[in-house]
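>>> My questions are about this predicted structure, shown below with the sequence.
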Amino acid sequence: MSDARTPAQIEADIKRRRDQLAETLDEIGVRVHPKTIVGDAKAKVVSSVDNSLGRAYVGANRFVSELRGQFVAEDGSPRIERIVPVALVAVGVVGLLVVGSRRRDR
């Protein structure tokens, strides 16, 4: 019989499987260690925050680009007909706030 193994082959196979089992148990020990679990949880949170911040940045960038498009022409020149009314409203609001705060101080 050619498929009969010798005692040395059996011992070598047992040693190899024992080494594989020890390696597997070491990996499991690392995975279930509290520091590993905490580290994995932190990594997931950081990844989630990074993803959320990335989406927020893209949204804010899109908003700024659209807003800029309202006040700057395609050639890069300012759209005075849109800037002046907004500036006048802003000056009016600031003026009202200043007058209101002065009245409260008295």
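Everything's here; your move.

>>> When you work out contacts or count neighbours from here on, use the C-alpha atoms and nothing else.
Noted.

>>> any idea which helix is longest in the chain?
With secondary structure taken from DSSP state H, the chain has its longest helix at helix 34-71.

>>> Buried by neighbour count: which residues of it qualify?
Going by neighbour count (16 or more other Cα atoms under 10 Å), the buried part of helix 34-71 is Phe71.

>>> Specify the angle between the next helix or strand after that helix and helix 34-71 in degrees.
Per DSSP states H and E, the first helix or strand lying C-terminal to helix 34-71 is helix 80-105. Here helix 80-105 points in a direction 110 degrees away from that of helix 34-71 (axes from the mean of the first three to the mean of the last three Cα atoms, to 10 degrees).

>>> where's stretch 23-37 relative to the chain centroid, distance-wise?
Relative to its chain's centre, stretch 23-37 lies at 27 Å (Cα atoms, centre = their mean, to the nearest Å).

>>> With Phe71 as the reference, measure out to the most centrally placed residue in the chain.
Nearest to the mean C-alpha position of the chain, counting by Cα atoms, centre = their mean, stands Asp50 at 1.0 Å. Distance check for Asp50 against Phe71: by Cα to Cα, to the nearest Å, it reads 31 Å.

>>> Could you list every helix and strand in contact with the longest helix of the chain?
Packing partners of helix 34-71 (3 or more Cα pairs under 8 Å, 6 or more residues apart in numbering; DSSP states H and E): helix 80-105.

>>> for the helix it packs on, what is the average pLDDT?
Taken as a whole, helix 80-105 carries a mean pLDDT of 91.

>>> What's the local residue count around Lys15?
12 (other Cα atoms under 10 Å).

>>> Could you list the domains of the chain?
Residue ranges for the domains of the chain, per automatic domain parsing: 7-71, 79-106.

>>> where does Ser2 land on pLDDT?
59.

>>> Just the residues contacting stretch 94-101, thanks.
Residues outside stretch 94-101 that contact it (Cα atoms under 8 Å, 6 or more residues apart in numbering): none.
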